[in-house]
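A.B. asks: Structure of the sequence below:
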Amino acid sequence: MAISKTHLLIIVLAPLLGAILAGLFGRRIGRVGAHSVTIGGVAISCALSMYVLWQLVSQGAAPFNENVYTWFQVGGIDAHVGFMIDKLTAMMMVVVTFVALLVHVYTIGYMEDDPGYQRFFSYISLFTFSMLMLVMSNNFLQLFFGWEAVGLVSYLLIGFWFKRPTAVFANLKAFLVNRVGDFGFLLGIAAVLMYVGTLDYATVFANAPTIANTTITILSGHEWSVATVICICLFIGAMGKSAQVPLHVWLPDSMEGPTPISALIHAATMVTAGIFMVARMSPLFQLSETALNFVLFIGATTAFWTGLIGIVQNDIKRVVAYSTLSQLGYMTVALGVSAYSGAVYHLMTHAFFKALLFLGAGSVIIGMHHEQDMRRMGGLRKYMPITYITMVIGTLALVGTPFFSGFYSKDTIIEAAAHHAHEANNWVATYGYWAVLLGAFVTAFYSFRLLYMTFHGKEHFHDPAPANYVAPEADSTEHEASIAHEHEVHGAGDATHHGDHGDHGHGHDDHAHTPHESPWVVTVPLILLAIPSILIGFFTVGPMLFGTDMLGHHKQLPFFLGAIDLPAAQDTIGQLSEEFHGPVAFALHGFMAPAFWLAFAGFALATFLYLIKPELPGKLRETFALPVRVLEEKYGMDTLWINGFAGGGVLIGKLSRWFDTNVIDGLVNASARVTDFTARLVRRGQTGYLYHYAFAMILGLIASLAVLIRYWR
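C.D. replies: You can find the predicted model right below:
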């Protein structure tokens, strides 16, 4: 059974068609029409993606690698639109379209009556199309097209509420930081073309060994491996898209966009692009130990140190955002220790429970009338039982609780890092292992802190605003959406609370409303995401990671064979597979692993501080004011980027303007003034009278004769 080219074209073009219809004809087709065509397009894409994966897994279909359209031909360089569909791509297609479909449905409830309703659906459908073009590409040029397209659409979505200055700042920040990464990415692609002579994946991978011993001189007297230069440049692009230190600063600010897009960016699109790209480029990265160590160091730094910032955040969405940064660091660590399948497996499981946590946070925001500060919540579990239960499931998966999906992927990465540290015996490998191991404690602490502050303890939504409280910035868009949502949930008769929504945007502290559970279009996606957050790891860890059946009894071909192929000596996951005896044994062994007990310690500390002794955190913040301040300031990285990178750019612009105005224009204007002055003087002698000219000629003749007589002698 062969994979149909027609099916692949429909998978890509269906979301694009929905985006075009909703974006260009939104007013004609209305709100229902806009969400119908976009949801329909993504649903078709999701169904066909599942069918393609089924063909590859169950029917033994051969991988697909063909060009479908010739973009251009210049000299010996051909540019095509083509698809490379193997199990790695098919898995990504299913994850992207499934999460995107649930986000589309969720958006119906979250963006109810928003003036930009059709525009938002058009954007998120276009986002899905862009990510599919990226993951399905069979060449670097199409990869770069998808890469830039997801960056563009994320810019539009983060700044969707463009009347809010914070949203405009956030989307500009994301755009500029990603330009830094994309510059490195483009250099890497250019180097591939220069040294291999093609942009086609299959040809590049087949010829990769030819560049293994090739060197390049970047600085005089210093030879660099071409493979190292290519891989580091490509990874700099991944650092931007997948928000790795120091190019991570845009991701927390992306919370300024509506919650559905936060879930889509953080779970299935954009940030996963860099992880997928490095896994796809594994034949190149395996040529350079230096590049892998660089990847490992950056991932370890991101996994631990950005996770620490999450423990001092009070905005519910920002806690989940810093969780995303940390988990992306885990995936990057897996890439750095050559556990590529472990990285993309964690990418898959993480997509479900992280989308669940973001959409759950959005449900809380709806129920709390667009309040996002956890200090003004508490006790919500009795008001929002469905949201609470699904958030608990997402949290248990995130912290790596045995038998939950996150455990199988996260624990595999920690084991792979431990194995690599033992084999490599260098400080980078050791640092990577301890970063992901201690990260288990940090993750559990801030995750249960979120649960307790939001759903347990005393109700704080009637309390006055706490110190340093920042009121939600609600513009007319949010205000109108909130009021419409209240009409939907409580009915038009419950008009006494409608003013609450707008009050936050103007600094008032009236929290007299009562929280409520979200409508079904919000809770149903939560339930559908909670199911794979529990089960998908148990049923897929054997086939996808360790080359066994679901129960770990029978060996079979590796799932990613043909997409991720490593020599046995470099295959970290392959070496760990010898110790895999099924998902049950794996989970039971997890109860004895250091990562579990560190996570349990984080859970116990959060329980003690935020459930048993909730008065202690305030005192501890005063006692440890300096470390808390450092974390609240995010290690000064925002200041460095704003005042250093952005501020430096502004300063260079001002200096350039001064130089242009005073030096360049000054010289031009001065020459003009000299010419004008000279012309004025000369013009005075041009009277038009003949006797003036004759007199001037006589004077000239006398002067010439005087000079001649003076020097003739």
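A.B. asks: So which residues of the stretch 601-713 of the chain form strands?
C.D. replies: Assigned by DSSP state E, counting those that start in this stretch, the stretch 601-713 of the chain shows no strands.
A.B. asks: can you give me the helices for it?
C.D. replies: Ranges of helices in the stretch 601-713 of the chain, per DSSP state H, counting those that start in this stretch, are 616-623, 625-632, 637-639, 647-659, 665-684, 690-712.
A.B. asks: which one of those lies closest to Thr215?
C.D. replies: helix 647-659 (32.7 Å; CB to CB). Just so you know, the C-beta spots here come from the backbone N, C-alpha and C atoms, and that holds for glycine as well.
A.B. asks: buried ones in that closest one?
C.D. replies: Buried residues in helix 647-659, counted by 16 or more other CB atoms under 10 Å: none are found.
A.B. asks: Next, find the distance separating the spatially most central residue of the chain from Ile316.
C.D. replies: Centroid-nearest residue in the chain, with CA atoms, centre = their mean: Val271, separated by 2.9 Å. Distance, Val271 to Ile316, by CB to CB, to the nearest Å: 19 Å.
A.B. asks: before we move on, what about Gln59?
C.D. replies: Using CB to CB, Gln59 is found at 44 Å from Ile316.
A.B. asks: okay, those two: which has more neighbours?
C.D. replies: Neighbour count, other CB atoms under 10 Å: between Gln59 and Ile316, Ile316 has more, with 27 against 11.
A.B. asks: secondary structure class for the nearest residue to that one once chain neighbours are set aside?
C.D. replies: Once flanking residues are discounted, Ile316 sits nearest to Ala361: 4.8 Å by CB to CB, 6 or more residues apart in numbering. Secondary structure state of Ala361, per DSSP: H, G, I helix; E, B strand; the rest coil, is helix.
A.B. asks: Read off the pLDDT value for Leu56.
C.D. replies: Note on Leu56: pLDDT of 92.
A.B. asks: wait, it sits on Met91?
C.D. replies: No: assessed by CB atoms under 8 Å, Leu56 is found out of contact with Met91, at 9.2 Å.
A.B. asks: re earlier: most neighbours per residue, which of the helices of the stretch 601-713 of the chain?
C.D. replies: Mean neighbours per residue, mean count of other CB atoms under 10 Å, is largest over those for helix 637-639, with a mean of 15.
A.B. asks: Residues in contact with that helix: which ones?
C.D. replies: Contacts with helix 637-639, where a contact means CB atoms under 8 Å, 6 or more residues apart in numbering, come from Val245, Pro246, His248, Val249, Glu633.
A.B. asks: host element of the second one?
C.D. replies: Yep, that's Pro246 we're talking about. Using DSSP states H and E, Pro246 sits in no helix or strand.
A.B. asks: how about the strands in the stretch 101-250 of the chain?
C.D. replies: Along the stretch 101-250 of the chain, the stretches classed as strands by DSSP E, counting those that start in this stretch are 215-219, 222-225.
A.B. asks: Format those strands as TSV; extra columns: mean neighbour count, mean pLDDT and distance to Ser4.
C.D. replies: Listed next are these as TSV, based on neighbours: other CB atoms under 10 Å; pLDDT from 0 to 100; distance: least, CB to CB, whole Å:
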stretch	mean neighbour count	mean pLDDT	distance to Ser4
strand 215-219	11	81	43
strand 222-225	14	84	42
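A.B. asks: Kindly present these as TSV, with separate columns for distance to Thr332.
C.D. replies: Formatted as TSV, the strands of the stretch 101-250 of the chain follow (distance: least, CB to CB, whole Å):
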stretch	distance to Thr332
strand 215-219	24
strand 222-225	21
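A.B. asks: Met50: which of these is closest?
C.D. replies: When those are compared by CB to CB, strand 222-225 sits nearest Met50, at 41.4 Å.
A.B. asks: and that closest one, which strands flank it?
C.D. replies: In the sheet, strand 222-225 lines up against strand 215-219 (antiparallel) (DSSP bridges).
A.B. asks: ok, and what's touching the partner strand?
C.D. replies: Residues contacting strand 215-219 (CB under 8 Å, 6+ apart): Glu223, Trp224, Ser225, Val226, Val229.
A.B. asks: Contacts only, for the first one.
C.D. replies: It refers to Glu223. By CB under 8 Å, 6+ apart, the contact set of Glu223 is Thr215, Ile216, Thr217.
A.B. asks: picking that back up, could you measure from the residue nearest to the centre of the chain over to Asn171?
C.D. replies: From Val271 over to Asn171 (counting by CB to CB), the distance is 15 Å.
A.B. asks: which helices and strands sit right next to the helix or strand containing Met92?
C.D. replies: Assigned by DSSP H and E, Met92 belongs to helix 87-110. Contact partners of helix 87-110 among helices and strands, from 3 or more CB pairs under 8 Å, 6 or more residues apart in numbering; DSSP states H and E: helix 5-24, helix 26-58, helix 117-136, helix 259-267, helix 271-280, helix 340-367, helix 520-541.
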